[in-house]
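Peer 1: give the three-dimensional model of this entry:
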Amino acid sequence: MNAKRPFILDSDVFIAAKNSYYAFAICPGFWDSLLHHQGAGNVRSIDRVRGELLAGRETEDLVQWVKSRVPPEFFMDTNEQSVAEAYGQVMLWAQRSTQYLDQAKAKFATEADGWLVANAMVHGGTVITNEQPRPQSRNRILLPDVCEQFNVVYQDTFAMLGELGVRYEWRSAI
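Peer 2: Residues are numbered from 1 along each chain as shown. All right, here's what the predicted structure looks like:
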């Protein structure tokens, strides 16, 4: 298991799960497993991701889950000096890059992705995202490409679940 390198979840992990394969009504075990593994110190995210998740509608399942079930310590504070310095390195790289269009740089500056990479740089975590690398992209700065630039390990949700030994078993609700 990945006990030394905590998994740090991107907002797309939560959003894709609730919109499809791990919807709250279909697979409550997914959500319970995240909370369990956060309590064991294996899974977490950052405050900036929490902000992105809470930007949804108040009545949405995911917003309600974050507000009512997720302990505050699930979302690490990004205001640490060392994380802020690492974030500065990430942003400097992005802004100086001649590969990306200006609108891609501007969008990247408003998202949590740079903070995820900075946090993983400082705390040695593995970034969990559903994004796929596209090193030739010009229109969007993708999280896996940033991770590769800064030698940060990244994986998808399914690799994380496998490493954690998570297993969902079928049972009928009716």
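Peer 1: residues near Arg140, how many?
Peer 2: Using other Cβ atoms under 10 Å, Arg140 has 15 neighbouring residues. Every C-beta, even on glycine, is put in place using the N, C-alpha and C of the backbone.
Peer 1: could you list every residue that touches it?
Peer 2: By Cβ atoms under 8 Å, 6 or more residues apart in numbering, the contact list for Arg140 reads 100, 104, 107-108, 134.
Peer 1: over to Asn79?
Peer 2: Neighbours of Asn79 in contact, by Cβ under 8 Å, 6+ apart: none.
Peer 1: report pLDDT for it.
Peer 2: Confidence at Asn79, expressed as pLDDT, is 93.
Peer 1: do the same with Asn2
Peer 2: 44.
Peer 1: related to what we said a few turns ago, show me the two of the contacts of Arg140 that sit farthest apart.
Peer 2: Across those, the longest distance by Cβ to Cβ is 14.7 Å; it joins Lys107 and Arg134.
Peer 1: coming back round to it: restricted to helices, list the contacts of Arg140.
Peer 2: Taking DSSP state H, the ones among these that sit in helices are 104, 107-108.
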